[in-house]
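Undergrad: pasting the sequence and the predicted model now:
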Amino acid sequence: MEIQYYFEIFGVVFYGISGALAADEKSSKDWFGVTFTAFITSLGGGTIRDVLLGAYPIVWIKDVNILYAVATGIILAALFYNFFMKLRKTFMLFDTLGIALFTIVGVEKALGLGVSPVVAIIMGMFTAIMGGVIRDMMINELPIVFRKEIYASACLAGAVLYVLLDTLGIDRTLNFFLAGSLIVAIRLLALRYNLAIPKFKSH
Amino acid sequence: MEIQYYFEIFGVVFYGISGALAADEKSSKDWFGVTFTAFITSLGGGTIRDVLLGAYPIVWIKDVNILYAVATGIILAALFYNFFMKLRKTFMLFDTLGIALFTIVGVEKALGLGVSPVVAIIMGMFTAIMGGVIRDMMINELPIVFRKEIYASACLAGAVLYVLLDTLGIDRTLNFFLAGSLIVAIRLLALRYNLAIPKFKSH
Amino acid sequence: MEIQYYFEIFGVVFYGISGALAADEKSSKDWFGVTFTAFITSLGGGTIRDVLLGAYPIVWIKDVNILYAVATGIILAALFYNFFMKLRKTFMLFDTLGIALFTIVGVEKALGLGVSPVVAIIMGMFTAIMGGVIRDMMINELPIVFRKEIYASACLAGAVLYVLLDTLGIDRTLNFFLAGSLIVAIRLLALRYNLAIPKFKSH
């Protein structure tokens, strides 16, 4: 087992926690609704990536541990609810680590399947954000990609860096940390300084 | 042709009726909108199952009779509109039979493709509910899985029972009836006694 | 390269323009949101078609030029914003040309994969409309297929005509123009005379 595998599992647990907290926060749901939402949020991005790439069997059908990792995240969220809720609000901790890990995992998987760099970049971003997009579509909220926060574009920047450094032949694990750190840094700076993407047209 | 095939066709007709009635009830739609919605509701779950499993050609591309079964349901809904509307409201008849049949059909298909039991259970539930989830996402309603009714969790319970009995070597047709009956029973009891899943966290 | 390929590329550019203008108009979005929306609107239909057909690699992963065509449309929309906005409102120009081209491209691709005519018709319509459906689902608007305008049903009519003429052995390029013209004609007549599909049941 490679270190990347453990990162993926950790990313899934983080997403499971984040998904469960967000689901519960939004409308005080029952166990079924929270579990369903956490699974969709955690695995939706990787699922869409694998379906688009035709990479069958898709990640959580090939490796059921991924499903248990989400379940672990949900149970942790229930057990340490108040503690995690505070961590989540203060540091955006689980979301930010989750999107960073998922972006790089997604880029790597796509590159490994031999797609062009621009497709690999899209797949990295999709892995990180599409679970949340589907979740927001289901609960009829405007997906976070349309809100003013810098979120998906941080993933995009990290994915571009990973592909660039990969082309330059940089070591995979080092690249993982560099590109992941860029995502975390952009995300935290954007939150701290309230940065936003320019408008398409000023009205 | 096996008996399971006829159950699937019946399930599709039931879903077609239910989908057409629900679509029309919700916003007095035109023929196109009702037909489109009924098709999405009826075939969305099986389509998602087959795409996730990579089971190509997917069910209604492989067997066009499935498309005609939905069309039959829609035409029946138009012809016997008032009668069916009453049946639907009183007994939740078409929905309940539809989700029971679809859950078992989905579990069986997944098991037949050799996936792990937990994935087969998910596929059974997805077959039954995801068509309705997509429909609700399209018309901007909160999907039924998030409402307080016991619905998706009845499918989950039936899927778990089917997989358990299947592991014990029980006859497939008998299992079909037992697990299907459990879904119908849970659903009807939940409606009758207003049962609900416990909250994730009490606020 | 065949003429159909250039039509597809033009269709994508039209859709990119239309997607960017619609995204921007709806909520004054940032560059990221507009770009994301334009990509989903332009490529969502073809993506769903290819995933349903299991036609891997899907269109924009196989041919990255498709991605550049969308990007071109977005940049054109930004450069000639006011001019295009006027054209768009007056003539529904880009949308109508886009759905006509996409419908025929989708039918052709499906027929080429040997599916049954009824499936090819569905795939043609899906190619044209599903990008917009996903877009509307994301921004929590009622998808255009449910609004009273004749839109998806124009695609359906064009797709039926194409399949019929194809069965009669008509030349592919001629068929392309005939079926495409039917879609444009129905769409423009419906807008001009405010035509609508009959209600499913009169309440």
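TA: Perfect, thanks for sending it.

Undergrad: off-centre distance for the helix or strand that contains A:Ala100?
TA: Per DSSP states H and E, A:Ala100 falls inside helix A:93-112. Put simply, helix A:93-112 sits 6 Å off its chain's centre (C-alpha atoms, centre = their mean, to the nearest Å).

Undergrad: now do stretch A:9-25
TA: Distance of stretch A:9-25 from the chain centroid (C-alpha atoms, centre = their mean) equals 10 Å.

Undergrad: and the lowest-mean-pLDDT helix or strand in chain A with chain B, contact?
TA: Using mean pLDDT, DSSP states H and E, helix A:81-91 stands out as the lowest-scoring helix or strand of chain A, at a mean of 76. Yes: under the criterion of C-beta under 8 Å from any C-beta of the partner chain, helix A:81-91 makes contact with chain B via A:Tyr81. C-beta here means a position set from N, CA and C on the backbone, and glycine is covered the same way.

Undergrad: buried sites along the helix holding A:Ala100?
TA: A:94-111 (16 or more other C-beta atoms under 10 Å in any protein chain shown).

Undergrad: CA atoms only: put it into CSV for me.
TA: The C-alpha coordinates for helix A:93-112 follow below in CSV (Å, rounded to 0.1, in the frame of the first residue of the first chain):
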residue,chain,number,x,y,z
LEU,A,93,-10.4,22.2,8.9
PHE,A,94,-12.0,19.1,7.5
ASP,A,95,-13.3,20.7,4.3
THR,A,96,-10.0,22.3,3.5
LEU,A,97,-7.9,19.1,4.1
GLY,A,98,-10.5,17.1,2.3
ILE,A,99,-10.5,19.2,-0.9
ALA,A,100,-6.7,19.3,-1.0
LEU,A,101,-6.3,15.5,-0.7
PHE,A,102,-9.2,14.8,-3.1
THR,A,103,-7.9,17.1,-5.8
ILE,A,104,-4.5,15.5,-5.9
VAL,A,105,-5.8,12.0,-5.7
GLY,A,106,-8.2,12.8,-8.6
VAL,A,107,-5.4,14.3,-10.7
GLU,A,108,-3.1,11.3,-10.1
LYS,A,109,-5.8,8.8,-10.9
ALA,A,110,-6.6,10.6,-14.2
LEU,A,111,-2.9,11.0,-15.2
GLY,A,112,-2.4,7.3,-14.4
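
Undergrad: report the rounded mean pLDDT for that helix.
TA: Mean pLDDT, helix A:93-112: 89.

Undergrad: same for that helix, what does it pack against?
TA: Judged by 3 or more C-beta pairs under 8 Å, 6 or more residues apart in numbering or on different chains; DSSP states H and E, helix A:93-112 is in contact with helix A:3-27, helix A:31-53, helix A:81-91, helix A:117-138, helix A:152-167, helix A:172-193.

Undergrad: okay, the residue nearest to A:Ala22 when sequence neighbours are not counted: pLDDT?
TA: Take A:Ala22 and drop its neighbours on the chain: the residue closest to it by C-beta to C-beta, 6 or more residues apart in numbering or on different chains is A:Thr41, 7.1 Å away. For A:Thr41, the pLDDT comes out at 90.

Undergrad: burial measure for A:Thr41, as a count.
TA: Look at A:Thr41: counted by other C-beta atoms under 10 Å in any protein chain shown, it has 28 neighbours.

Undergrad: now do A:Leu113
TA: 16.

Undergrad: before we move on, back to that, now the least confident helix or strand of chain A and helix A:172-193, what's the angle there?
TA: 80 degrees (axes from the mean of the first three to the mean of the last three C-alpha atoms, to 10 degrees).

Undergrad: how about helix A:81-91: buried residues?
TA: A:Phe84, A:Arg88.

Undergrad: only C-alpha atoms, please: export it in PDB.
TA: Output in PDB follows, covering the C-alpha atoms of helix A:81-91 (Å, rounded to 0.1, in the frame of the first residue of the first chain):
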ATOM      1  CA  TYR A  81     -20.300  16.500  17.500                       C
ATOM      2  CA  ASN A  82     -19.800  19.700  19.500                       C
ATOM      3  CA  PHE A  83     -16.000  19.500  19.400                       C
ATOM      4  CA  PHE A  84     -15.900  18.900  15.600                       C
ATOM      5  CA  MET A  85     -18.600  21.600  15.000                       C
ATOM      6  CA  LYS A  86     -16.300  24.100  16.700                       C
ATOM      7  CA  LEU A  87     -13.200  22.900  14.800                       C
ATOM      8  CA  ARG A  88     -15.200  23.100  11.600                       C
ATOM      9  CA  LYS A  89     -16.400  26.600  12.000                       C
ATOM     10  CA  THR A  90     -13.100  28.000  13.300                       C
ATOM     11  CA  PHE A  91     -10.600  26.400  10.900                       C
END
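
Undergrad: which positions in chain A make contact with chain C?
TA: A:51-54, A:115-116, A:118-119, A:122, A:133, A:136-137, A:140-143, A:145-146, A:148, A:152-153, A:156, A:196-201, A:203.

Undergrad: on that earlier part again, my guess is the residue nearest to A:Ala22 meets A:Ile129, correct?
TA: No: between A:Thr41 and A:Ile129 there is no contact under C-beta atoms under 8 Å: 10.4 Å.

Undergrad: for the closest residue to A:Tyr162 other than its chain neighbours, give its distance to chain B.
TA: Using C-beta to C-beta, 6+ apart and skipping residues adjacent in sequence, the residue nearest A:Tyr162 is A:Ala179, 3.8 Å away. Distance check for A:Ala179 against chain B: by C-beta to the nearest C-beta, to the nearest Å, it reads 29 Å.

Undergrad: related to what we said a few turns ago, against which helices or strands is the least confident helix or strand of chain A packed?
TA: On a contact count with 3+ C-beta pairs under 8 Å, 6+ apart, helix A:81-91 meets helix A:3-27, helix A:93-112.
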